[in-house]
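1. give me a model of this one.
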Amino acid sequence: MIRVRFAPSPTGYLHLGNVRTALFNYLFAKSQAGRFILRVEDTDLERSKPEFRAALIEDLRWMGIQWDEGPEAGGAYGPYLQSERLAIYKGYVERLLAAGKAYACYVTEEEAEESKRLARLEKRPPRFDNRGRHFTAQEIESRKARGIKPTIRFKVEDPQVVLHDLVRGEVHFNLDDMVGDFVIVRADGSPTFHLAVCVDDGLMGVTHVIRGEDHLSNTPKHILLLKAMGFTPPQYGHLALIHGPGGEPLSKRLGDVSVREFRRKGYLPFGLANYIALLGWSPGENREILSWKELQELFSLERVNKGPSIYDPHKLDWLNGEHLRRLAPEEFAARAFDFLQQGGFLQTMEPSLVMKVLPVFQDNIERFDQLPDKIGFLSEDFGYENRGWLESDEGREVCRAALEILPEMEVAEDGLYDRFVNALKPKVRAKGKNFFMPIRMALTGREHGPEMKRLFPALGLNRAELRFKRAVSV
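-> Okay, here's the model as predicted:
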């Protein structure tokens with residue numbers, strides 16, 4: 001069975017790059033009837049925060065990405081927090097040391113960096129020169145006496161590695177030109193990313209690793225380390241990075257591309273998932289608007305692009321707007337109301353009126369955060385954008401005539417606005433804009449907005465009468 005994992009570090013909020021990695025792994029697992037694992041890489045105790053771990057779990061669930069194994073879900077290969085697996089890593093380090101595949105290195109970090117600097121000056125590959133491998137017992141004792149704490153380094157004995165990448169094809173590495181022996185345990189005794197990720201992938205039976213191309217240079221180290229520990233390396237696929245609108249690499253530190261920010265702006269989870277899936281993958285046939293179910297059925301690694309993707313917020317808005325318009329009016333209103341309520345935008349509004357009016361805006365927005373400005377007129381104390389339409393002689397005449405007509409009208413909503421307009425026209429001199437704008441201004445306070453044929457029945461005759469009375473008082 002195919003087994004994939006998403007292994008974020010809880011050092012910040014989930015951003016566009018790593019949520020794409022999560023999504024591609026999830027979609028690949030679902031398309032292949034496989035298992036999706038969530039594993040939290042929280043061994044960086046200074047930067048890892050419980051609140052970030054809680055946030056990434058919440059954001060993944062909001063997106064619709066549910067893991068088969070991991071925190072809160074359990075599974076046969078736990079624990080799924082690396083901070084709870086330190087004894088497991090220690091056991092594998094001891095085996096590597098006993099087998100002579102790793103060694104205690106008493107070279108300081110400053111010395112290691114100096115060796116790389118000298119290599120650059122001498123136009124050699126700027127890598128660690130493995131000097132700690134060859135220290136005599138006397139040299140080691142001398143360094144111990146000076147209080148130097150050793151790192152544990154993995155011996156790179158076979159520097160030539162060939163990777164059959166699922167996205168990029170065959171990739172060749174020569175570790176002699178890249179790193180030399182690399183650290184798997186830091187001087188403070190904590191495991192490095194390289195050790196922890198390889199032990200976990202091996203023990204959890206991960207068959208495919210789909211991750212960003214920034215990890216491509218790590219992969220030959222991981223292949224050698226996995227084999228040294230007796231594991232079969234998984235298949236690897238490396239995704240090209242996402243670039244910003246100007247072609248610059250998209251920084252994970254940009255707050256406006258975090259899932260938190262997308263939620264705050266009122267994107268639909270499946271609208272966002274649809275857009276993110278298209279950042280490096282295509283279903284073919286020029287299709288762009290895909291449901292959550294279609295994404296899970298159609299995704300394949302064969303259609304993942306090798307080149308970088310460009311994050312385009314305007315296309316995201318367009319695509320989300322298309323998904324909004326595909327919702328049933330009742331679902332649109334329920335989701336919009338929930339967004340507005342959580343944001344504290346409904347404190348001066350009548351909830352039943354808001355629910356009734358919301359579907360009127362379904363064709364006019366791309367994100368829910370565009371609604372607060374549009375529905376401001378639902379508050380009883382809304383302001384007027386242009387009082388001139390109400391203060392003119394024709395405007396006052398339209399409002400006063402409306403107050404004569406409204407009490408006599410039938411409540412039935414079918415054709416209500418047209419019946420109102422047809423009854424009003426013979427009673428006033430105003431025509432065209434001078435007729436219609438005072439009506440819109442009295443009812444909404446705005447010169448532009450949704451179609452009055454839809455809005456007027458939603459407001460109802462009683463509210464319309466109160467608003468015309470208020471307009472007359474202006």
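2. domain ranges for this structure?
-> Per automatic domain parsing, the structural domains of the chain span 85-239, 383-473.
3. okay if I get those as a markdown table plus mean pLDDT?
-> Formatted as a markdown table, the domains of the chain follow (pLDDT from 0 to 100):
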| stretch | mean pLDDT |
| --- | --- |
| domain 85-239 | 94 |
| domain 383-473 | 94 |
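4. to Gly64, which of those domains lies closest?
-> domain 85-239 (18.0 Å; Cβ to Cβ). The way it works is simple: take the backbone N, C-alpha and C, and place the C-beta from them, glycine included.
5. could you dump the domains of the chain into TSV with mean neighbour count and distance to Trp281 added?
-> Output for those, formatted as TSV (neighbours: other Cβ atoms under 10 Å; distance: least, Cβ to Cβ, whole Å):
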stretch	mean neighbour count	distance to Trp281
domain 85-239	17	9
domain 383-473	16	36
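6. can you list those domains in a markdown table and add distance to Ser31?
-> What follows is the domains of the chain, written out as a markdown table (distance: least, Cβ to Cβ, whole Å):
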| stretch | distance to Ser31 |
| --- | --- |
| domain 85-239 | 12 |
| domain 383-473 | 40 |
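7. and of these, who's closest to Leu23?
-> Closest to Leu23 of the domains of the chain, according to Cβ to Cβ: domain 85-239, at 9.9 Å.
8. quote the end-to-end distance of the closest one.
-> 28 Å (Cα to Cα, to the nearest Å).
9. just how off-centre is that domain within its chain?
-> In this view, domain 85-239 has its centroid 31 Å away from the chain centroid, taken as Cα atoms, centre = their mean, to the nearest Å.
10. what's the closest non-adjacent residue to Pro50?
-> Using Cβ to Cβ, 6 or more residues apart in numbering and skipping residues adjacent in sequence, the residue nearest Pro50 is Pro10, 7.6 Å away.
11. what's the one you found in contact with, if anything?
-> Going by Cβ atoms under 8 Å, 6 or more residues apart in numbering, Pro10 touches Val40, Asp42, Ser48, Lys49, Pro50, Phe52, Arg53, Leu56.
12. pretty sure it is in a strand, no?
-> No - going by DSSP: H, G, I helix; E, B strand; the rest coil, the assignment for Pro10 is coil, not a strand.
13. how distant is stretch 441-456 from the center of its chain?
-> In terms of Cα atoms, centre = their mean, the centre of stretch 441-456 is set 36 Å apart from its chain centre.
14. wait, stretch 450-466
-> Distance, centroid of stretch 450-466 to centroid of chain: 39 Å (Cα atoms, centre = their mean).
15. dump the C-alpha coordinates for that stretch into CSV.
-> Provided in CSV are the C-alpha atoms of stretch 450-466 (Å, rounded to 0.1, in the frame of the first residue of the first chain):
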residue,chain,number,x,y,z
PRO,A,450,-27.1,44.4,-6.1
GLU,A,451,-30.1,44.2,-8.3
MET,A,452,-33.1,45.9,-6.7
LYS,A,453,-35.5,43.3,-8.0
ARG,A,454,-33.8,40.8,-5.7
LEU,A,455,-33.0,43.1,-2.8
PHE,A,456,-36.4,44.8,-2.4
PRO,A,457,-38.3,41.6,-1.6
ALA,A,458,-35.6,40.5,0.8
LEU,A,459,-36.0,43.8,2.7
GLY,A,460,-39.7,43.5,2.8
LEU,A,461,-42.4,46.2,2.7
ASN,A,462,-42.3,47.2,6.4
ARG,A,463,-38.5,47.8,6.3
ALA,A,464,-38.7,49.6,3.0
GLU,A,465,-41.4,51.9,4.5
LEU,A,466,-39.2,52.7,7.6
